[in-house]
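Q: What would the 3D arrangement of this be:
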Amino acid sequence: MENATYIALSRLDTEQRAMSVVADNIANASTTGFKSQHVLFSDYLSPQDGSDLPKGAENEAYTQDLATWRDLSQGQLQQTGNPLDIAIGGEGYFTLRTATGIRLSRSGRFQQRSDGMIADDAGNPLLDRAGQPIRVPAVDHTLTIASDGTISGANGVIARIGVVIPQDQHKLLPEGGKFLRADTPTTQAPAPKLVQGMIESSNVQLMPEMTHMLQIQRDFQFVAQFVESEATRQQDAISKILQVNV
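A: Modelled structure (predicted):
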């Protein structure tokens, strides 16, 4: 029956979605501050027509990817020795001003631009608690960054790095491997925990992700073979019926 094919096709569609999510995780296994994502599957029940099911009948269960959730666990902190590398311990995100607007990030690789602004490797300025770019005076060659984000130089405090906490972290939309767009209100972290000279690595577990990818490939091949064999069975049935009616 065609319903079996439709159910199998729903499984293929969700497997393709799962594969793209796993592939993105693997591609960002070395991206600083990256948080892995995972697909949440669910059954979609399609009841047959009529108030009561026929004797022995059951609801048809289609597969659907209900949602994609982000693993917010802390990545390993790695020491770099670069005084402008900053890791966030616990909750919070850096805010950066990009060409497409304010974006959040856990990637703490920063450098000083020629105009004195602290920015990421693409030149996007790091913002302070007031939402303004942080500019370091030219005379300050040695910077100290306290755990609360306070940046100090030779002449005292320069700025305080803004670290925000979204109201709902699962409403953050990824843009590439490093940035997140906040479609939810954010507030300044009252007591951020920043570590100078370190970065947070991706929290992707590479070997489990590779194993998961192989499992998805096997499942996809199995279901695809079922769809192909079901199509062959239906074609054979049609051919036999036509032969009988000739």
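Q: Please count neighbours and contacts with C-alpha atoms only from this point.
A: Will do.
Q: Report the central residue of this structure.
A: In the chain, the centroid-proximal residue (CA atoms, centre = their mean) is Q37; its distance is 4.3 Å.
Q: Compute the first-to-last residue distance for stretch 93-103.
A: 9 Å (CA to CA, to the nearest Å).
Q: Where does pLDDT dip in this structure?
A: Applying pLDDT under 70 to the chain flags residues 1-6, 41-66, 231, 233-234, 236-238, 242, 244-246.
Q: how about 50 then?
A: 1, 44-45 (pLDDT under 50).
Q: Which parts of it belong to which domain?
A: With domains defined by automatic domain parsing, the chain comprises 2-72+204-245, 77-200.
Q: doesn't V21 fall inside a helix?
A: Yes: assessed by DSSP: H, G, I helix; E, B strand; the rest coil, V21 belongs to a helix.
Q: picking up where we left off before, show the contacting residues for the residue nearest to the centre of the chain.
A: V21, V22, N25, T68, W69, R70, D71 (CA atoms under 8 Å, 6 or more residues apart in numbering).
Q: same thing but 10 Å
A: Taking CA atoms under 10 Å, 6 or more residues apart in numbering, we find Q37 in contact with A18, V21, V22, D24, N25, T68, W69, R70, D71, L72, V204.
Q: Which residue, neighbours along the chain excluded, lies closest to it?
A: R70 (4.4 Å; CA to CA, 6 or more residues apart in numbering).
Q: Report the buried residues of the longest helix seen in the chain.
A: As assigned by DSSP state H, the longest helix anywhere in the chain is helix 206-245. Using 16 or more other CA atoms under 10 Å as the test for burial, helix 206-245 gives L206, E209, M213, I216, F220, V223, A224, F226, V227, E230.
Q: can you check stretch 123-133 too?
A: Within stretch 123-133, the residues scored as buried using 16+ other CA under 10 Å are G123, N124, P125, L126, L127, D128, R129, Q132, P133.
Q: what do you get for stretch 140-160?
A: Buried residues in stretch 140-160 (16+ other CA under 10 Å): 143-153, 158-160.
Q: And that stretch, end to end?
A: With CA to CA as the measure, stretch 140-160 spans 16 Å from end to end.
Q: tell me which element S10 is part of?
A: Here S10, judged by DSSP states H and E, is contained in helix 2-27.
Q: counting contacts, what elements does that helix pack onto?
A: strand 37-46, strand 60-70, helix 206-245 (3 or more CA pairs under 10 Å, 6 or more residues apart in numbering; DSSP states H and E).
Q: ok, now which ones touch S30?
A: The neighbours of S30, taking CA under 10 Å, 6+ apart as the test, are G177, S201, S202, N203, V204, L206.
Q: One more pass at 7 Å, please.
A: Listed by CA atoms under 7 Å, 6 or more residues apart in numbering, the contact set of S30 reads S201, S202.
Q: distance of it from A23?
A: Counting by CA to CA, the separation of S30 from A23 is 13 Å.
Q: now do G92
A: In terms of CA to CA, G92 sits 26 Å off from A23.
Q: Would you mind telling me which of these two has more residues around it?
A: When G92 and A23 are compared for neighbours, G92 comes out ahead with 24 against 15, by other CA atoms under 10 Å.
Q: buried set for the helix holding S10?
A: For helix 2-27, burial by neighbour count (16+ other CA under 10 Å) applies to 5, 7-12, 14-15, 17-19, 21-22, 25-26.
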